[in-house]
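Enquirer: Only the shape, not the letters, is given here:
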């Protein structure tokens with residue numbers, strides 16, 4: 001017996017539910033290839049090109065450094081707060097669920113989810129702002145463009161070329177993480193000139209799913225961290241319309257459960273609500289699309305929340321910015337973090353010999369390449385390495401960077 005959903009992506013054979021590839025899914029067998037010819041060693045193991053991309057990202061030094069890079073809280077006082085690494089893993093988990101339900105390539109989706117924050121500087125957006133200011137006269141700093149710079153040029157484990165030499169589809173998806181790029185920053189402009197990524201079109205559905213999974217992850221997991229830090233007021237949180245209905249249902253189902261367990265159930269319920277909404281709305285939007293190129297030429301996002309949920313999600317984001325991301329303690333901590341990176345940039349600009357030897361050896365003589373090289377060095381630091389280097393150079397420990 002063979003059963004199919006109306007969308008045509010689920011099939012049953014002998015009682016086992018198997019997912020078929022959707023017509024608009026990216027196909028590794030039809031990849032546009034890589035910037036450089038494949039390494040002479042050839043493929044190691046029976047993997048598709050997108051699986052190889054995912055594995056190269058996971059094995060990279062840049063990915064490992066995410067363990068000590070800020071997600072929301074700078075240098076948090078506690079082991080239970082999320083960092084860039086745990087956030088990326090959570091995004092990948094959500095993205096794979098949606099990809100599987102849509103019949104698109106799970107490996108490409110996972111690779112994009114794992115790598116989407118790999119270009120972040122230490123201290124999160126505060127660090128990005130500091131480097132953007134430091135490079136004001138030299139094109140600025142953008143963490144998404146820097147992700148491409150890291151993966152295509154700075155991470156260099158191979159003997160034959162710089163970068164991880166990822167497939168065009170992975171690089172395209174990272175470049176257009178938030179949709180078409182009409183005005184690319186300098187780093188992306190240079191990379192696109194070397195290896196064109198069609199920046200003005202929408203990316204693959206896999207890339208769009210990874211991007212909206214990022215929203216789902218931080219919308220919900222930041223609730224957990226915000227409550228843990230004491231920055232979110234529970235009554236105010238539960239009054240938000242995106243949360244209120246789910247909380248009432250949790251209380252109805254588990255009236256006698258401990259409060260902390262009900263809060264964790266709330267987060268799981270919220271994620272499930274948003275994932276199901278994205279799947280339903282995306283299936284509606286891709287109806288009739290017959291290829292990945294149809295997705296790219298769609299003229300709008302194909303992976304999206306329904307209009308009703310999108311409005312509620314936007315209101316919830318405003319609440320989170322007001323109460324968590326722009327909390328006075330967060331603002332003060334960000335100020336201190338920006339000061340640390342600004343002083344590091346000043347020190348390395350005046351005395352490049354303070355950098356690691358391999359970075360000194362490659363330091364360009366002229367601007368803007370010189371300052372951009374210094375920013376590359378700082379951007380690759382973890383939070384704790386930046387703090388230790390700052391203390392070594394200035395002979396003092398920076399003001400304590402913590403939120404509690």
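Expert: That came through, no problem. Quick caveat, the model's predicted, so the values are computed rather than measured.

Enquirer: Secondary structure element holding residue 148?
Expert: Using DSSP states H and E, residue 148 falls within helix 143-149.

Enquirer: Tell me where the stretch 51-200 of the chain has helices.
Expert: Secondary structure of the stretch 51-200 of the chain (DSSP state H, counting those that start in this stretch): helices at 61-65, 84-102, 106-115, 124-134, 143-149, 168-175, 186-194.

Enquirer: need these in CSV with distance to residue 391, mean neighbour count and mean pLDDT, can you?
Expert: To be clear about C-beta, it is placed using only N, CA and C from the backbone, and glycine gets the same treatment. Formatted as CSV, the helices of the stretch 51-200 of the chain follow (distance: least, Cβ to Cβ, whole Å; neighbours: other Cβ atoms under 10 Å; pLDDT from 0 to 100):
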stretch, distance to residue 391, mean neighbour count, mean pLDDT
helix 61-65, 19, 17, 97
helix 84-102, 22, 22, 96
helix 106-115, 31, 28, 98
helix 124-134, 17, 22, 96
helix 143-149, 25, 23, 98
helix 168-175, 34, 26, 98
helix 186-194, 29, 17, 98
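
Enquirer: between these, which one is nearest to residue 390?
Expert: Counting by Cβ to Cβ, residue 390 lies closest to helix 124-134 out of the helices of the stretch 51-200 of the chain; the figure is 11.9 Å.

Enquirer: Mind giving me the packing neighbours of that closest one?
Expert: If you count contacts as 3 or more Cβ pairs under 8 Å, 6 or more residues apart in numbering; DSSP states H and E, helix 124-134 packs onto helix 328-350, helix 369-379.

Enquirer: Recalculate using a threshold of 6 Å.
Expert: helix 328-350 (3 or more Cβ pairs under 6 Å, 6 or more residues apart in numbering; DSSP states H and E).

Enquirer: buried stuff in the following helix or strand past the helix it packs on?
Expert: Of the helices and strands lying after helix 328-350 in sequence (DSSP H and E), the nearest is helix 357-361. Neighbour-count burial for helix 357-361, with 16 or more other Cβ atoms under 10 Å as criterion, is recorded at residue 359.

Enquirer: Equivalent analysis for stretch 20-34, please.
Expert: Result for stretch 20-34 [16+ other Cβ under 10 Å]: buried residues 22-28, 31, 34.

Enquirer: May I have the distance across that stretch, first residue to last?
Expert: Start and end residues of stretch 20-34 are separated by 26 Å (Cα to Cα, to the nearest Å).

Enquirer: Next: stretch 147-166.
Expert: Stretch 147-166: ends 12 Å apart by Cα to Cα.

Enquirer: distance between that stretch and the chain's centre?
Expert: Put simply, stretch 147-166 sits 18 Å off its chain's centre (Cα atoms, centre = their mean, to the nearest Å).

Enquirer: could you dump the buried residues of stretch 20-34 to a markdown table with secondary structure, pLDDT and distance to residue 300?
Expert: Converted to a markdown table, the buried residues of stretch 20-34 look like this (DSSP: H, G, I helix; E, B strand; the rest coil; pLDDT from 0 to 100; distance: Cβ to Cβ, whole Å):
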| residue | secondary structure | pLDDT | distance to residue 300 |
| --- | --- | --- | --- |
| 22 | coil | 97 | 18 |
| 23 | coil | 97 | 19 |
| 24 | coil | 98 | 14 |
| 25 | coil | 98 | 19 |
| 26 | coil | 98 | 19 |
| 27 | coil | 97 | 23 |
| 28 | helix | 96 | 26 |
| 31 | coil | 96 | 25 |
| 34 | strand | 96 | 29 |
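
Enquirer: Reformat those as TSV; add distance to residue 156.
Expert: Listed next are the buried residues of stretch 20-34 as TSV, based on distance: Cβ to Cβ, whole Å:
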residue	distance to residue 156
22	36
23	37
24	34
25	31
26	26
27	29
28	24
31	22
34	15
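
Enquirer: For residue 101, state which of those residues is nearest.
Expert: residue 22 (10.1 Å).

Enquirer: For the closest one, which non-adjacent residue is closest in space?
Expert: For residue 22, ignoring the flanking residues on the chain, the nearest one in space by Cβ to Cβ, 6 or more residues apart in numbering is residue 103 at 3.5 Å.

Enquirer: hmm, back to that, if we compare the helices of the stretch 51-200 of the chain, which one ends up closest to residue 222?
Expert: Of those, nearest to residue 222 by Cβ to Cβ is helix 84-102, at 9.3 Å.

Enquirer: Determine the longest helix present in this structure.
Expert: Looking across the chain with DSSP state H, the single longest helix is helix 259-285.

Enquirer: who does that one touch, helix- and strand-wise?
Expert: Short answer (3+ Cβ pairs under 6 Å, 6+ apart): helix 259-285 packs on helix 84-102, helix 205-229, helix 241-253.

Enquirer: Let's see that with 8 Å instead.
Expert: Partner elements for helix 259-285 (3+ Cβ pairs under 8 Å, 6+ apart): helix 84-102, helix 205-229, helix 241-253, helix 307-320.

Enquirer: what's the closest of the ones you listed to residue 374?
Expert: Between the helices and strands packed on helix 259-285, helix 84-102 lies closest to residue 374; by Cβ to Cβ that is 21.8 Å.

Enquirer: Can you list the helices and strands that that closest one packs against?
Expert: By 3+ Cβ pairs under 8 Å, 6+ apart, helix 84-102 packs against helix 61-65, helix 106-115, helix 205-229, helix 259-285.

Enquirer: contacts for the shortest one?
Expert: The set of residues external to helix 61-65 that reach it, using Cβ atoms under 8 Å, 6 or more residues apart in numbering, is 57, 85, 88, 114-115, 118, 150-151, 154-155, 380-382.

Enquirer: ok, now stretch 243-252?
Expert: 223, 237-238, 262, 265-266, 269-270, 273, 316.

Enquirer: let's go with 10 Å and repeat that
Expert: Contact partners of stretch 243-252, identified using Cβ atoms under 10 Å, 6 or more residues apart in numbering, comprise 220, 223, 234, 237-240, 257, 261-270, 272-273, 312, 316, 319.

Enquirer: who touches the residue most central in space within the chain in this structure?
Expert: Nearest residue to the geometric centre of the chain (Cα atoms, centre = their mean): residue 116, 3.1 Å. Contacts for residue 116 (Cβ under 10 Å, 6+ apart) come out as 84, 87-88, 91-92, 95, 143-144, 147, 173-174, 177, 207, 210-211, 213-214.
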